[in-house]
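Trainee: Need coordinates for the following:
(2 chains)
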Amino acid sequence: MKKFRIRQQIISLSILFALLIASFIVARLILIPRSFGEYGHYRADAIDDITAQPINYAGSVACIECHDDIVELKANSNHKGLSCEICHGPAAKHIEAPDENLPSAPRERGFCPLCHGYDPSRPTGFPQIVTALHNPGTRCMSCHNPHNPILPHTPEDCSACHRGISNEKAVSPHSSLPCIKCHPASQEHMVNPRSASVQKPTGREFCGQCHSKDADSSRDIPRIDLKTHWERYLCWDCHYPHSPEAL
Amino acid sequence: MNQKESQAVNRREFIFACKRALPLAGLLFFPLSATDLILAQENEKYNPTEHNYAMGIDTHKCIGCGRCADACKKENNVPLEPIFFRTWVERYIIAGNGEVSVDSPNGGIDGFPEIKGDKEALRTFFVPKLCNHCANPPCVQVCPVGATFISRDGVVLVDEKYCVGCRYCIQACPYGARYLHPEKKVADKCTFCYHRIVKGLLPACVEVCPTQTRIFGEVGVRSSPLSRFVRFNDITVLKPSLNTSPKVYYAGTDGEVR
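Mentor: Predicted coordinates:
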């Protein structure tokens, strides 16, 4: 009877393949981290590595435990939305060892203008100063308490805050008009500009008080007939009141 | 007969209703106080599958103080050279002739120089930028080793130990949000301060923003401050045509901002 024999070359080839497959599996086990592919095509342990990063900013809730007086003062001021660490820097180490790691307290004049220096790119109404003109050489803190920044004195005229508009108006045909002619403002607006806003004219008749054909005003003022002059538009749709010109 | 049947059905319904109301009655006798519920939530281990983080940026409010970029560097030990940023503030100046110029000296950390005046600025504003944590991120697609990935809570992260520093992801990011760390020689980027948010803290940039320009929250959670921001503003994302589904939502930007 003929015995079934596996040929020699097949045996050696299969040993070779078995070795190759085994070495591939061993290499894979050694080279690929255990947690790779647990949640996706990445090393799941990486999440723990990233989570272990130390925290530097403690968050302003942490400050209230010791500095409750300052936190309370600030909570009722214009700076109430500000976290302590904006100015004082990261303070997590200060909480661990308060005496050894004192956070910084910027007192130099260059720091406040990072937010409050005049820049036309800033949103309208954000309190800004022109550093070159605003009491040069004086520290901000000598007049303003940063934890409760109120104006040391009431501004005398509108141009203290609305310099851009006031400069424009000064060289325009409206230069002789005081701001309150069109914007009746209470004294309160100079102290609390946001809570007490000023009024603006609402209709064509307001401009018509001087510019309408039959208005009782100086003869040099340009006049129009309110009834026929673009009667469906408001005056300031075409004319900029702070620097008006005929269009 | 008919009447009797309907009565029987009513009785059955009543008993079923009583059965259904039993747990409610139980609640009446053993009330779970709200604080207990909150405590139970806090003690629970952080579960990443319950979150999907995102950020909103209200450019109407940004004053360009650069405190976010500064805090980011301090929190995450980003190299101080003015070319490495995880987040930075750009100033857009749109001239009268429609020409757009963008600058970001040192990411805005040291303030911005005066606008130089030969071209009259028609409109100018600040736009903070950071990694958009795309839901369909090109950087993750191109990573050859699986070192950058979307975590289960929707944050795009880099595995420092696994990154080989090939820079493909830096090339692929359409927002320029990645850089090669000069010492570690691995790709680095914004993590939404992952080490902070898993502990319930805000990202450092959100923590220090003085005008609440940055809003951190979660997608699809109605009580999240981000959902409120998205409801009340016209939202745009950067480069929507690239189909990256960014998760940083901008309000107050227009076509000039890319």
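
Trainee: Spit out the contact partners of residue 129.
Mentor: Unless you meant another one, I'm taking chain A. Residue A:129 is in contact with A:113, A:116-118, counting by CB atoms under 8 Å, 6 or more residues apart in numbering or on different chains. Any C-beta I mention is one placed from the backbone N, CA and C, and that applies to glycine too.

Trainee: um, chain B though
Mentor: Taking CB under 8 Å, 6+ apart as the test, what residue B:129 contacts is B:87-90, B:175-177.

Trainee: In strands, which of the residues you listed fall?
Mentor: Among the contacts of residue B:129, DSSP state E puts B:87-90 in strands.

Trainee: can you narrow the contacts of residue A:129 to ones near chain B?
Mentor: Among the contacts of residue A:129, the residues that sit close to chain B (CB under 8 Å from any CB of the partner chain) are A:113, A:117.

Trainee: want to throw the contacts of residue A:129 into JSON lines with neighbour count?
Mentor: Formatted as JSON lines, the contacts of residue A:129 follow (neighbours: other CB atoms under 10 Å in any protein chain shown):
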{"residue": "A:113", "neighbour count": "18"}
{"residue": "A:116", "neighbour count": "20"}
{"residue": "A:117", "neighbour count": "21"}
{"residue": "A:118", "neighbour count": "17"}
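
Trainee: Can I get the contacts of residue A:129 in TSV including secondary structure and distance to residue B:60?
Mentor: Formatted as TSV, the contacts of residue A:129 follow (DSSP: H, G, I helix; E, B strand; the rest coil; distance: CB to CB, whole Å):
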residue	secondary structure	distance to residue B:60
A:113	helix	21
A:116	helix	18
A:117	strand	19
A:118	coil	18
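
Trainee: Now pLDDT too, for the contacts of residue A:129, in CSV please.
Mentor: Converted to CSV, the contacts of residue A:129 look like this (pLDDT from 0 to 100):
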residue, pLDDT
A:113, 93
A:116, 93
A:117, 92
A:118, 90
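
Trainee: For residue A:205, which non-adjacent residue is spatially closest?
Mentor: Excluding its sequence neighbours, the residue lying closest to residue A:205 (CB to CB, 6 or more residues apart in numbering or on different chains) is residue A:226, at 7.4 Å.

Trainee: neighbours of that neighbour, just the number please.
Mentor: 18 (other CB atoms under 10 Å in any protein chain shown).

Trainee: which ones are touching it?
Mentor: Residue A:226 is in contact with A:204-205, A:208, A:212-213, counting by CB under 8 Å, 6+ apart.

Trainee: hmm, who's touching the worst-scoring helix or strand of chain A on mean pLDDT?
Mentor: Here the helix or strand of chain A ranked lowest by mean pLDDT, DSSP states H and E is helix A:187-191, holding a mean of 82. With contacts defined as CB under 8 Å, 6+ apart, helix A:187-191 is touched by A:151, A:154-155, A:195-198.

Trainee: what secondary structure does the residue nearest to residue A:205 sit in?
Mentor: Here residue A:226 is coil, with the state taken from DSSP: H, G, I helix; E, B strand; the rest coil.

Trainee: gap between it and residue A:236?
Mentor: For residue A:226, the distance to residue A:236 equals 14 Å [CB to CB, to the nearest Å].

Trainee: So for whichever residue of the stretch 1-150 of chain B sits closest to chain A, what pLDDT did the model give?
Mentor: Nearest to chain A in the stretch 1-150 of chain B, going by CB to the nearest CB, is residue B:149, at a distance of 3.6 Å. At residue B:149, the pLDDT value in this model is 96.

Trainee: And for residue A:128?
Mentor: Here the pLDDT value assigned to residue A:128 is 89.

Trainee: Likewise for the one 5 residues further on?
Mentor: The predicted local confidence for residue A:133 comes out at a pLDDT of 84.

Trainee: And the contacts of the helix ranked longest in chain A?
Mentor: Identified as the longest helix of chain A according to DSSP state H is helix A:8-31. Residues from elsewhere that reach helix A:8-31 (CB under 8 Å, 6+ apart): none.

Trainee: follow-up on the earlier one: make CSV out of the ones in strands among the contacts of residue B:129 and add distance to chain A and pLDDT.
Mentor: Converted to CSV, the ones in strands among the contacts of residue B:129 look like this (distance: CB to the nearest CB, whole Å; pLDDT from 0 to 100):
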residue, distance to chain A, pLDDT
B:87, 14, 96
B:88, 15, 96
B:89, 10, 96
B:90, 10, 95
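
Trainee: Buried subset of the contacts of residue B:129 as a ChimeraX selection?
Mentor: Applied in ChimeraX, the following selects the buried portion of the contacts of residue B:129 according to 16 or more other CB atoms under 10 Å in any protein chain shown:
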select /B:87,88,89,90,175,177
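
Trainee: List just the nearest of the contacts of residue B:129 to residue B:237.
Mentor: Nearest to residue B:237 out of those is residue B:175 (CB to CB; 10.3 Å).

Trainee: right, and the closest one touches residue B:242 too?
Mentor: No: using CB atoms under 8 Å, residue B:175 makes no contact with residue B:242, being 9.4 Å away.

Trainee: May I ask you to confirm that the residue of the stretch 1-150 of chain B closest to chain A belongs to a helix?
Mentor: No: going by three-state DSSP, the assignment for residue B:149 is strand, not a helix.

Trainee: Beta-bridge partners for it, please?
Mentor: For residue B:149, the beta-bridge partners under DSSP bridges are residue B:157.
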